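S.K.: The amino acid sequence is not available; the structure is as follows:
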Ligand SMILES: Cc1cc2nc3c(=O)[nH]c(=O)nc-3n(C[C@H](O)[C@H](O)[C@H](O)COP(=O)(O)OP(=O)(O)OC[C@H]3O[C@@H](n4cnc5c(N)ncnc54)[C@H](O)[C@@H]3O)c2cc1C
């Protein structure tokens, strides 16, 4: 008997497993593939995800594998640098291969005590009042108190749950792969520069050692799962650029569409959905993996609280009320970006106008905060603007705030030095620090780093501690 079974060990499932283990939850992750993904696409970790990694002491593991890039110029690839004063100690973008992120997150989860079994696919499940019986493709049956589907866009868990996945089907499909080319690099660069003015996305980017990253629109659209062939690449290159650049010896080939869909519900009883299993959208702006990891951060401590028995009645349901609107917003911004990338005259005119507007720092900042999720504000009711937002990594006397959040507990950061979270000491740390770089007297942080309370009144604080952390034990 496990507390939680997670279907899928992608970035979302691995992150969720680690977050649950911080609270001693017995976690089993079932991953249908035996080997890591063969594709090595480079994905971007944005500011909020970098902050989350720093909050759990993971950023130092990731940095040596990635390449830092400026945080600006991401929205619809409008090439404008970020304003100087972005409100984050991690105001950059980290590009790194997705399989490396998955490997490092899985390692982190297993070091914390999560069990991960590869080559084990979830095929069916049944839930009752006490738990969920999960059946694997090989017929084995396992039991857990909760099941979380982190099994990607074609999620078996979501389909078995019968949760609707409304939205728009793929309108265009793109081929992506790595291969060698048979013509000189200068010749390729000149043709690509010409074609990519009107065809997006389209590139052959040298990767070193004669290898190119190739991206070219496919002939048709559809939600096809199977990998494309080299011939399909050649045909499309010839149709669009008039030459196939002599491409050969592919390392890997894949395709992706631009379907946009959002699960109607994130929870049905003891079964929940997170990451691509709950939402899919085009990769414009590089947000999907970030969104999934952030889902895991939101869900992990709440599900752990439910299992440990201290969760206030509606805490687990706030996973959906907080995260569904965030995904809706991401879907919307990718729809907008897709239009802005179209070569049609109307969208091009809107793009020119928006390009002018991005010269205003506030517009630029707004778009960057949207893409990087540092602008997310959960609705915690009336209060100052900081309430419901994440707190940046501020300096405290002992060093930096995020260095104190590795254990995934709540934190009362208290400049008054006269408050207490004593009754909740098993769930919430208290840092009394007059020197903390805060411009409010005290904040209560949830384990995901969002501000759950601001003030200096003990009674009000106690109410909020009870709201988020349940009945006091001390
Ligand atoms: C071209 C491209 C570029 C992208 N660039 C970015 C980027 O720059 N930044 C970004 O944030 N995102 C990017 N994304 C999106 C990102 O790759 C996905 O959003 C991310 O992989 C979602 O993670 P996940 O863990 O939710 O799902 P997945 O990565 O799909 O993982 C799901 C896992 O579940 C497993 N599984 C499936 N079914 C079962 C089952 N029945 N039982 C057990 N296991 C199962 C799968 O094998 C898989 O390992 C990009 C996507 C594409 C296509």
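M.R.: On my side now, so go ahead. Everything quoted here is computed from the prediction, not taken from an experiment. Numbering: from 1, shown residues only.

S.K.: Residue 413 bridge partners, please.
M.R.: With DSSP bridges as the criterion, residue 413 is bridged to residue 431, residue 443.

S.K.: neighbours of it, just the number please.
M.R.: Residue neighbour count, defined by other C-beta atoms under 10 Å, stands at 24 for residue 413. All C-beta spots, glycine's among them, are computed from the backbone N, C-alpha and C.

S.K.: Make residue 1 into 310 and carry on from there
M.R.: OK, 310 is where the count begins now, so the last one is residue 722.

S.K.: Surely it touches residue 704?
M.R.: No - with contact defined as C-beta atoms under 8 Å, residue 722 does not reach residue 704; the gap is 11.4 Å.

S.K.: Quick check: neighbours shared by the two?
M.R.: The contact sets of residue 722 and residue 704 overlap at 710, 745 (C-beta atoms under 8 Å, 6 or more residues apart in numbering).

S.K.: pLDDT-wise, which helix or strand of the protein ranks last?
M.R.: Least confident helix or strand, the chain: strand 512-517 with a mean of 88, by mean pLDDT, DSSP states H and E.

S.K.: which parts of that one are buried?
M.R.: Of all the residues in strand 512-517, those buried under the rule 16 or more other C-beta atoms under 10 Å are 512, 513, 516.

S.K.: Close to the ligand: what parts of the chain are there?
M.R.: The chain has residues 316-322, 339-342, 350, 352-353, 407, 430-431, 459-461, 465, 485, 565, 584-585, 592, 595-599, 601 near the ligand, with proximity defined as C-beta under 6 Å from any ligand atom.

S.K.: Show me the shaky parts of the stretch 410-559 of the chain.
M.R.: Along the stretch 410-559 of the chain, segments meeting pLDDT under 70 span 531-533.

S.K.: Check the stretch 360-509 of the chain for the residue nearest the ligand and tell me.
M.R.: Nearest residue of the stretch 360-509 of the chain to the ligand, counting by C-beta to the nearest ligand atom: residue 461, 2.7 Å away.

S.K.: which other residues reach the least confident helix or strand of the chain?
M.R.: Strand 512-517 is contacted from outside by 487, 490, 494, 497, 501, 505, 521, 522, 523, 524, 554, using C-beta under 8 Å, 6+ apart.

S.K.: Helices along the stretch 460-609 of the chain, start to end?
M.R.: Using DSSP state H, counting those that start in this stretch, the helices of the stretch 460-609 of the chain run over 465-470, 494-504, 539-550, 597-617.

S.K.: Would you tell me which one of these is buried the most?
M.R.: helix 597-617 (a mean of 25; mean count of other C-beta atoms under 10 Å).

S.K.: Check which helices and strands that one sits against.
M.R.: Under the contact criterion of 3 or more C-beta pairs under 8 Å, 6 or more residues apart in numbering; DSSP states H and E, helix 597-617 touches strand 311-316, helix 320-330, strand 351-354, helix 356-364, strand 450-458, strand 588-589, helix 627-649.

S.K.: so which of these comes closest to residue 418?
M.R.: Nearest to residue 418, of all the helices and strands packed on helix 597-617, is helix 320-330, at 4.0 Å by C-beta to C-beta.

S.K.: Now do that closest one: distance to the chain's middle.
M.R.: Helix 320-330 sits 12 Å away from the centroid of its parent chain (C-alpha atoms, centre = their mean, to the nearest Å).

S.K.: and what of stretch 337-351?
M.R.: Worked out by C-alpha atoms, centre = their mean, stretch 337-351 lies 17 Å from the chain centre.

S.K.: residues in contact with it?
M.R.: Under the contact criterion C-beta under 8 Å, 6+ apart, stretch 337-351 has outside partners 311, 313-318, 322-323, 326, 404-408, 411-412, 415, 418, 423-431, 443, 445-446, 451, 453, 460, 485, 487, 560-561, 563.

S.K.: Now do stretch 755-772: distance from first to last residue.
M.R.: One end of stretch 755-772 to the other measures 14 Å (C-alpha to C-alpha, to the nearest Å).

S.K.: Lovely, talk soon.
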